[in-house]
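Enquirer: Requesting a structural model of the entry that follows:
(chains A and B)
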Amino acid sequence: MNESGERDGVVDSRGRRCPLPVIDLARRCAEVEIGATVELWANDPAADADVPAWCRMRGQELVAVAPLPGGGSSYLVRRAR
Amino acid sequence: MGAYLDHASATEPHPAARAALLTAIDDGWADPVRLYREGRRARMLLDAARQAVAAALGARPDEVSFTAGGEQAATLAVLGAAAARRRSGAGVLVSAVEHSAVLRAADAAADGAGTGTEAGGATRVPVDRLGRVAPAAFTPPPGTALACLQHANHEVGTVQPVAEVAEIVHAAGVPLHVDATTTVGRRPLDVAALGADLLSAGANGYGGPAGVGILVVRTGTRWRNPLPPDDREFGRVAGFPNVPGIVAAAAALEARAGEMAVEAERHAAFSARLREQLPALIDDVDLLGDPDPAGRLPGLVAFSCLYVDGETLVTGLDAAGIAVSSGSSCVADSVTPSHVLAAMGALTHGNVRITFGRSSRASDIDALLAVLPDVVRGARERAGAVKL
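Expert: The predicted structure follows:
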């Protein structure tokens, strides 16, 4: 289990600096079934570039990005492989 | 076994620059606008330096002014061209991957007219995954005062289609500023062939001293000094110029002309070896820039390593005596990630930029390849990011 808090299937990496949010996302993705989605919350400015880049490098699908009320973004990723 | 692999940030003074600097400190210390003998001697040195730089760039001597560095030259080029074309509009078109000095000046000049990603700033022209603009995207909208495109990118080495973009912006009557910091003194360059109306570069990128920049304003290009001018440097740069530094910068540029072709071949071989070896030695490494050698600078290799922060890589390599730079925000002096890497859709963390210079040897590559895989592996282990 990683050290970031998890709530309702959300990986909350807010307050964690790059590259930790992407590591959190990769760990969670490895735990879920292929086809399942993982939601990452992050407010490190690098996440906006690094989450899509990770999905591209890893062949995973970035489904949606939405701003969070308190700052940062939510990234919905589907494990494709 | 150490290695200095950050020649794009600064490279050793060229022997010709060092020799010229020492002579000019003794001979060129006086004020070149004074009419007595000492002043005339400084003036002769300054004029000769200007002629040499103009000849190296295919420009006329009166089109060349010397500044206190490449960033000042870029700032003056952008602000001055935009100021002179105020009546045509306040819009400035810039590639999204320009040097931050160009972006800052372009944003300041655009004065709220832009429609790009930065609210109120200059309009950013997007780049593809290799960091290259599409020439058609540089078609200037009405009200554009100036377009800015670098000759090649400073973080990933991608060469831009400058001549094609020049044709497109000129067809709309818009001048083009070219930041040539990565190419002056490193590859043959001709301002007319490039289609540059304004060009800027710093001397420290090719073996001249830091604190000397080159500003070219082509004849017929509208330009107005954004600062209160005096009568020096054709009214483009005020104040007592650094004559010894300028003389050294010109000497280095002249000397470079005879050696850069052979050096480029040597660097291209280093780059090819690194680009082949890095993915073989390190998992999850994203090579950046153009895979085609014709489309990139021979002396630059950039890559990003997944799950590692750039600072760990820089300090880990430094512990082994190897100097590299990183565009990752953890290393740069800001919290925002590299705008270049972000615009390309590249991984912004774990970034490393390797740049070669005159003194680079194959043993430098050996040293890097002997150490880097373990530095990356160690960082991933500490982050608990192995086999993810």
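Enquirer: low-scoring stretches of the chain, by residue?
Expert: No chain was given, so I picked chain A. A:1-8 (pLDDT under 70).
Enquirer: wrong one, I was asking about chain B
Expert: Regions of chain B meeting the criterion pLDDT under 70 cover residues B:112-120, B:329-335.
Enquirer: show me where it has helices.
Expert: Defined through DSSP state H, the helices belonging to chain B, from first to last, are B:15-27, B:37-57, B:70-84, B:100-110, B:162-171, B:191-194, B:243-257, B:260-281, B:310-319, B:339-344, B:362-382.
Enquirer: And chain A, by the same measure?
Expert: Counting by DSSP H, chain A forms helices over residues A:20-31, A:47-58, given from the N-terminal end onward.
Enquirer: For the last one, buried residues please.
Expert: So the one you mean is helix A:47-58. The neighbour-count check on helix A:47-58 (16 or more other Cβ atoms under 10 Å in any protein chain shown) flags A:47-55, A:57-58 as buried. For the C-beta atoms, the positions are set from N, CA and C on the backbone; glycine is no exception.
Enquirer: same thing with the first one?
Expert: Within helix A:20-31, the residues that count as buried by 16+ other Cβ under 10 Å are A:20-29.
Enquirer: just checking: which of the residues you listed also lie near chain B?
Expert: A:20, A:22-23, A:26-27 (Cβ under 8 Å from any Cβ of the partner chain).
Enquirer: Can you tell me which of these is closest to B:D283?
Expert: Minimum separation from B:D283 among these (Cβ to Cβ) is found for A:A26, which lies at 12.6 Å.
Enquirer: Leaving out the residues flanking it, which one is nearest to that closest one?
Expert: Nearest in space to A:A26, with sequence neighbours left out and distances taken as Cβ to Cβ, 6 or more residues apart in numbering or on different chains, is B:L388 at 4.0 Å.
Enquirer: what's near enough to touch the one you found?
Expert: Remark: with contacts taken as Cβ atoms under 8 Å, 6 or more residues apart in numbering or on different chains, B:L388 is in contact with A:23, A:26-27, A:30, B:307.
Enquirer: Could you export those as a markdown table, including distance to B:L369?
Expert: Compiled in a markdown table, the contacts of B:L388 are given as follows (distance: Cβ to Cβ, whole Å):
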| residue | distance to B:L369 |
| --- | --- |
| A:I23 | 25 |
| A:A26 | 26 |
| A:R27 | 29 |
| A:A30 | 30 |
| B:Y307 | 20 |
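Enquirer: for chain B, what are the nearby residues on chain A?
Expert: For chain A, the contact set with chain B under Cβ under 8 Å from any Cβ comprises A:2, A:17-20, A:22-23, A:26-27, A:30, A:45-46, A:48-50, A:52-54, A:56-57.
Enquirer: where does the stretch 151-300 of chain B come near chain A, residue by residue?
Expert: With Cβ under 8 Å from any Cβ as the criterion, the stretch 151-300 of chain B comes near chain A at residues B:284, B:286.
Enquirer: Looking at the stretch 151-300 of chain B, what residue ends up closest to chain A?
Expert: Using Cβ to the nearest Cβ, B:D286 is the residue of the stretch 151-300 of chain B that sits closest to chain A, at 6.1 Å.
Enquirer: now that residue, which residues is it bridged with?
Expert: In this structure, B:D286 has the following beta-bridge partners (DSSP bridges): B:S304.
Enquirer: That one against B:A302, yeah?
Expert: No: because the distance of 9.4 Å does not satisfy Cβ atoms under 8 Å, B:D286 is recorded as not touching B:A302.
Enquirer: what about the two, which has more around it?
Expert: Neighbours of B:D286 and B:A302, each counted by other Cβ atoms under 10 Å in any protein chain shown, are more numerous for B:A302; the result is 28 against 20.
Enquirer: What are the buried residues along stretch B:250-259?
Expert: Burial within stretch B:250-259, assessed by neighbour count using 16+ other Cβ under 10 Å, is assigned to B:250-256.
Enquirer: Please compute how far it lies from its chain's middle.
Expert: A distance of 18 Å separates the C-alpha centroid of stretch B:250-259 from that of its chain, computed with Cα atoms, centre = their mean, to the nearest Å.
Enquirer: same check, this time on stretch B:41-61
Expert: 21 Å.
Enquirer: which non-adjacent residue is nearest B:A163?
Expert: Closest residue to B:A163 in three dimensions, ignoring its sequence neighbours and counting by Cβ to Cβ, 6+ apart: B:G195, at 5.1 Å.
Enquirer: The one you found - how many residues pack around it?
Expert: Residue crowding around B:G195 was assessed by other Cβ under 10 Å; the count is 20.
Enquirer: Same question for B:R222.
Expert: Other residues near B:R222 come to 17 when the count uses other Cβ under 10 Å.
Enquirer: Next: A:G9.
Expert: Neighbours of A:G9 (other Cβ under 10 Å): 11.
Enquirer: who's in contact with it?
Expert: A:G9 makes contact with A:38-39 under the criterion Cβ under 8 Å, 6+ apart.
Enquirer: distance of it from chain B?
Expert: 19 Å (Cβ to the nearest Cβ, to the nearest Å).
Enquirer: Quickly list the domain ranges of chain B.
Expert: Domains of chain B are assigned by automatic domain parsing as B:15-257, B:259-382.
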